[in-house]
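J.: Pasted the sequence and its predicted model underneath.
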Amino acid sequence: TTNRLSVATAAMRSGDFTGLPAIVDPLSGQPFPNNRVPAERLDPRSKTLIGYVPLPNLPGIGPAGTLSNWIGDTANVIDVNRFGSRLDHRFSDKDSIWGSYNYSRGWPYFVARAVPPNYGNSTSSTQTTSANVTHVHTFSPRTLNEFRFAQLRHGFFGIGQNTDFDPRTLFPSIYPMPIGGLPRIDISNHIVIGDRGGKSTRGSQFTTQFIDNFTHVRGRHTFKAGFDIDRFTTWEPPYIYGLAQDEANDAALGRFSFNGRYTNNDPSRAAQPAHAFGDFMLGYPVNTFRSTVGADIHMRHTRYSAYFQDDWQVSPRLTLSLGLRYMVQTPWSERDGIQANFDFNSGKLIVVGDKFPERTIQRMVSAYPIVTAAQAGLTGDPLETDKNNFGPRFGFAFRPFADGKTVVRGGAGIYYNFIPVFLGHNQLSTSNAPFLLAETFESDPGRTPSLTLANPFPGEGKLSPNPSIMAVERNLKNSESQQWNLSLERDLGGNLGI
């Protein structure tokens with residue numbers, strides 16, 4: 001990936017703004033002599049962070065060559081390895097078994113972004129393993145049973161760069177985090193600085209499945225019955241919401257915005273890019289943000305299914321297939337009660353259970369209408385179980401003419417899908433209050449800085465008066481689809497048919 005970016009010149013980083021709009025000293029209201037900021041006025045935190053941004057390698061355009069003055073390539077790296085195996089064994093005429101194992105691992109999986117190669121990019125890792133064992137037992141020529149046990153494990157994590165950089169060495173009041181990274185720095189008309197954060201370890205999705213299919217032939221009937229039990233669990237380790245994560249203000253590593261308000265020499269006109277960079281080098285942000293990391297989430301649910309089917313050969317020319325399948329899915333729940341759903345009737349966030357879990361941020365409970373399910377008079381489950389998933393099935397095959405060359409086939413059925421965890425349920429734990437805190441600090445109006453990089457988070461920051469909330473309908477139903485088909489087939493002879 002080739003990027004052409006605007007980066008600060010070496011002169012600007014040393015405080016020399018020669019050839020650029022006048023830089024005003026916010027403390028005196030007067031321009032700095034010779035448009036140079038004294039070295040002792042440059043904020044040491046700014047000097048540390050700007051050191052991660054490469055110097056220009058092009059002449060650039062605009063005043064003093066400050067725009068489109070760097071070009072570089074960052075390679076995408078994708079490496080995936082897979083293998084599979086299978087073993088079959090026949091114990092006797094009545095018993096046989098087979099099993100398989102499959103493995104896939106993607107590492108490294110480096111994705112380049114519109115930033116320099118040394119920050120702001122991310123590396124992902126996926127690992128998937130699956131195994132199953134199937135046993136077939138023949139009771140008689142007309143009766144057999146197939147039992148299958150299967151497991152699937154899938155793990156994924158994405159992680160940013162500079163994880164050994166602890167932003168708390170620069171900003172001690174940032175909330176603790178398991179891995180580091182550069183804080184997000186937004187400077188108007190300058191390349192963004194920051195790392196993506198991510199997970200410190202690979203999360204997992206784990207499925208265990210038990211399936212049994214029984215078949216018995218009696219006269220013109222072939223009876224089939226069986227069950228399918230699936231146990232799903234997922235684990236999401238604490239997530240660090242950094243650059244471009246679109247959650248919690250991207251502020252788990254800290255976030256700071258500079259727009260040139262304080263060094264602008266003409267307040268009647270919009271600040272120029274040099275002013276925004278001047279504010280940054282002096283350490284005067286207009287806004288700052290911080291957030292906690294995501295919670296350690298363990299989700300789980302079980303799905304039960306059973307069916308019965310009768311394939312009935314009514315006559316040599318007509319066969320009917322009649323069946324019924326039933327499915328029930330227990331609601332997704334979090335192991336430690338870290339779940340909050342919005343109740344549309346009361347206008348409150350309902351935390352599952354009769355007490356707030358340890359992860360609860362009490363300040364958010366005081367700021368927003370948040371109660372436990374017991375206080376709201378609800379059951380412990382945040383969602384109700386859909387118990388009405390009966391799926392009838394019907395099919396037929398009919399030869400209308402004695403020559404047997406024409407066949408009419410048709411079928412219809414009702415099918416139900418299970419509700420996946422990532423369609424809202426996971427967000428009840430990872431995004432909703434009171435489990436994820438995002439604070440905003442705003443500088444006082446005017447041209448005198450009230451926020452500094454030396455003290456970017458004075459006291460408690462503002463909470464959003466209208467926080468983003470994920471809500472899942474309490475009596476959510478499994479999606480239903482009604483499917484049918486009808487076909488006409490004719491043998492024209494000579495291995496040709498329509």
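T.: Thanks, I have it. Treat the numbers as computed from the prediction; the structure is a model and nothing was measured.
J.: make it CA atoms for all contacts and neighbour counts henceforth
T.: Noted.
J.: Skipping its backbone neighbours, what lies nearest residue 408 in space?
T.: Spatial nearest neighbour of residue 408, chain neighbours left out: residue 488 (4.7 Å); criterion: Cα to Cα, 6 or more residues apart in numbering.
J.: Helix, strand, or coil at that neighbour?
T.: Put simply, residue 488 is strand when judged by DSSP: H, G, I helix; E, B strand; the rest coil.
J.: Neighbours of it, how many?
T.: Using other Cα atoms under 10 Å, residue 488 is surrounded by 13 other residues.
J.: Quick check: it touching residue 406?
T.: Yes - under the criterion of Cα atoms under 8 Å, residue 488 makes contact with residue 406 at 7.4 Å.
J.: and the host helix or strand of residue 278, how far from the chain's centre?
T.: For residue 278, the host element (DSSP states H and E) is helix 273-282. Between the centre of helix 273-282 and the centre of its chain there are 35 Å (Cα atoms, centre = their mean, to the nearest Å).
J.: Equivalent analysis for stretch 233-248, please.
T.: For stretch 233-248, the separation from the chain centroid amounts to 7 Å (computed by Cα atoms, centre = their mean).
J.: and if you look at stretch 467-484?
T.: Between the mean C-alpha location of stretch 467-484 and the chain-wide mean there is a distance of 19 Å, by Cα atoms, centre = their mean.
J.: how about the CA coordinates for it, as CSV?
T.: C-alpha atoms of stretch 467-484 as CSV (Å, rounded to 0.1, in the frame of the first residue of the first chain):
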residue,chain,number,x,y,z
PRO,A,467,-25.0,7.6,25.2
SER,A,468,-25.0,5.0,22.4
ILE,A,469,-27.0,2.0,23.7
MET,A,470,-27.4,-1.4,22.1
ALA,A,471,-30.8,-2.9,22.7
VAL,A,472,-32.2,-6.4,21.9
GLU,A,473,-35.9,-7.0,21.9
ARG,A,474,-36.7,-9.0,25.1
ASN,A,475,-39.0,-11.5,23.4
LEU,A,476,-36.7,-11.8,20.3
LYS,A,477,-37.8,-14.6,18.0
ASN,A,478,-35.7,-17.0,16.0
SER,A,479,-35.9,-15.9,12.3
GLU,A,480,-38.3,-18.0,10.3
SER,A,481,-38.2,-18.8,6.6
GLN,A,482,-40.8,-20.5,4.6
GLN,A,483,-39.4,-22.4,1.6
TRP,A,484,-41.0,-24.3,-1.2
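J.: Run through who's touching it.
T.: Residues external to stretch 467-484 that are found in contact with it (Cα atoms under 8 Å, 6 or more residues apart in numbering): 341-343, 382-386, 389, 410-419, 424-425, 427-428, 431-433.
J.: Just the buried residues of these.
T.: Under a neighbour-count criterion of 16 or more other Cα atoms under 10 Å, the subset of the contacts of stretch 467-484 counted as buried comprises 341-343, 382-385, 389, 411, 413-416, 419, 424-425, 427-428, 431-433.
J.: and residue 381, what pLDDT?
T.: If you check residue 381, the pLDDT there is 67.
J.: do the one 4 residues further on as well
T.: Looking at residue 385, its pLDDT reads 90.
J.: wait, doesn't it sit right on residue 332?
T.: No - Residue 385 lies out of contact with residue 332 (Cα under 8 Å); the separation is 9.7 Å.
J.: from the buried ones among the contacts of stretch 467-484, which ones fall inside strands?
T.: Within the buried ones among the contacts of stretch 467-484, membership in strands is found for 341-343, 389, 411, 413-416, as judged by DSSP state E.
J.: Serialize those residues to CSV and add fields for distance to residue 60 and pLDDT.
T.: Written out in CSV, the entries for these read as follows (distance: Cα to Cα, whole Å; pLDDT from 0 to 100):
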residue, distance to residue 60, pLDDT
341, 52, 91
342, 52, 91
343, 55, 89
389, 65, 97
411, 68, 97
413, 66, 97
414, 64, 97
415, 61, 96
416, 59, 95
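J.: tell me which of these is nearest to residue 311?
T.: Proximity of these to residue 311 was ranked by Cα to Cα; the top entry is residue 411 with 12.6 Å.
J.: what helix or strand does the residue nearest to that closest one when sequence neighbours are not counted sit in?
T.: Of all residues not flanking residue 411 in the chain, residue 395 sits nearest, at 3.9 Å (Cα to Cα, 6+ apart). In the assignment (DSSP H and E), residue 395 maps to strand 389-398.
J.: From the chain's centroid, how far away is that strand?
T.: The chain centre lies 38 Å from the centre of strand 389-398; the measure is Cα atoms, centre = their mean.
J.: What is it packed up against?
T.: In terms of contacts (3 or more Cα pairs under 8 Å, 6 or more residues apart in numbering; DSSP states H and E), strand 389-398 is packed against strand 318-329, strand 406-416.
J.: just checking, what packs against the longest one?
T.: With contacts taken as 3+ Cα pairs under 8 Å, 6+ apart, strand 318-329 sits against strand 297-315, strand 389-398.
J.: hmm, 10 Å instead?
T.: When contacts are defined as 3 or more Cα pairs under 10 Å, 6 or more residues apart in numbering; DSSP states H and E, strand 318-329 packs onto strand 221-236, strand 297-315, strand 389-398, strand 406-416.
J.: Kindly present these as JSON lines, with separate columns for distance to residue 81.
T.: Formatted as JSON lines, the helices and strands packed on strand 318-329 follow (distance: least, Cα to Cα, whole Å):
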{"stretch": "strand 221-236", "distance to residue 81": "24"}
{"stretch": "strand 297-315", "distance to residue 81": "28"}
{"stretch": "strand 389-398", "distance to residue 81": "40"}
{"stretch": "strand 406-416", "distance to residue 81": "35"}
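J.: Specify the stretch among these that is closest to residue 38.
T.: Taking Cα to Cα as the criterion, residue 38 comes closest to strand 221-236 out of the helices and strands packed on strand 318-329, the separation being 48.0 Å.
J.: Pairing partners for the strand or helix carrying residue 216, with directions?
T.: Under the criterion DSSP H and E, the helix or strand holding residue 216 is strand 203-218. Under the criterion DSSP bridges, strand 203-218 sits next to strand 143-160 (antiparallel), strand 221-236 (antiparallel) in its sheet.
J.: any idea which helix or strand comes after the first one?
T.: Once the chain leaves strand 143-160, the next helix or strand it forms, by DSSP H and E, is strand 184-187.
J.: export that next one as PDB, just CAs?
T.: These are the backbone C-alpha positions of strand 184-187, laid out as PDB (Å, rounded to 0.1, in the frame of the first residue of the first chain):
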ATOM      1  CA  ARG A 184      -4.500   9.000  19.400                       C
ATOM      2  CA  ILE A 185      -3.400  12.600  18.500                       C
ATOM      3  CA  ASP A 186      -5.600  14.500  16.100                       C
ATOM      4  CA  ILE A 187      -3.900  17.600  14.600                       C
END
